[in-house]
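Trainee: next come a sequence and a model predicted from it.
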Amino acid sequence: MNQITEIVVTSALGILTILSGIVVQEIKKYLIAKGGKKAVEVAEILAKNAVNATEQVADKLDIHGDEKLAQAKEMVVKGLEQYNINLTQPQIDSFIESAVKQMHDTWKE
């Protein structure tokens, strides 16, 4: 029974990873068509920087899970406002999720 549960969980995580990658790619295509390549590049950079900065200060601020996500979102939103780029919350979430996945993949290597 434990093996079946493990197989189901592993498969579900694999499917979710694939789906999140597809969603991020579609959002990128949409944003490039609507706002330009520069806006997408800025959003990606801001998300990566926000995720890395949040991870670095998380222990000092004693924040975990949803608090770290909220901190990263706040940093991205402030950065986007400076560049006068408007994104929806789901779009910001996607960029942050992508940055978190990239960071985790890098750590695994």
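Mentor: The structure has been received and is ready for your questions. Residues are numbered from 1 along each chain as shown.
Trainee: which residues of this protein score low on pLDDT?
Mentor: 1, 31-35, 109 (pLDDT under 70).
Trainee: in the longest helix seen in it, what counts as buried?
Mentor: Identified as the longest helix of the chain according to DSSP state H is helix 2-35. Neighbour counts using 16 or more other C-beta atoms under 10 Å place V23, V24, I27, K28, L31 of helix 2-35 among the buried residues. Where you see a C-beta, it was placed from the backbone N, CA and C, and this is true even at glycine.
Trainee: C-terminal to that helix, what's the next element?
Mentor: Using DSSP states H and E, the helix or strand that follows helix 2-35 towards the C-terminus is helix 37-61.
Trainee: please point out which parts of that following helix sit buried.
Mentor: Buried-residue list, helix 37-61, by 16+ other C-beta under 10 Å: A39, V40, V42, A43, E44, L46, A47, K48, A50, V51, T54, A58.
Trainee: how much space separates the fourth one from N86?
Mentor: Read that as A43. 11 Å (C-beta to C-beta, to the nearest Å).
Trainee: likewise for the fifth one?
Mentor: Shown here: E44 relative to N86, a distance of 16 Å by C-beta to C-beta.
Trainee: go on, the second one?
Mentor: V40 sits 13 Å away from N86 when distances are taken as C-beta to C-beta.
Trainee: do the first one as well
Mentor: Spatial separation of A39 from N86 under the definition C-beta to C-beta is 9 Å.
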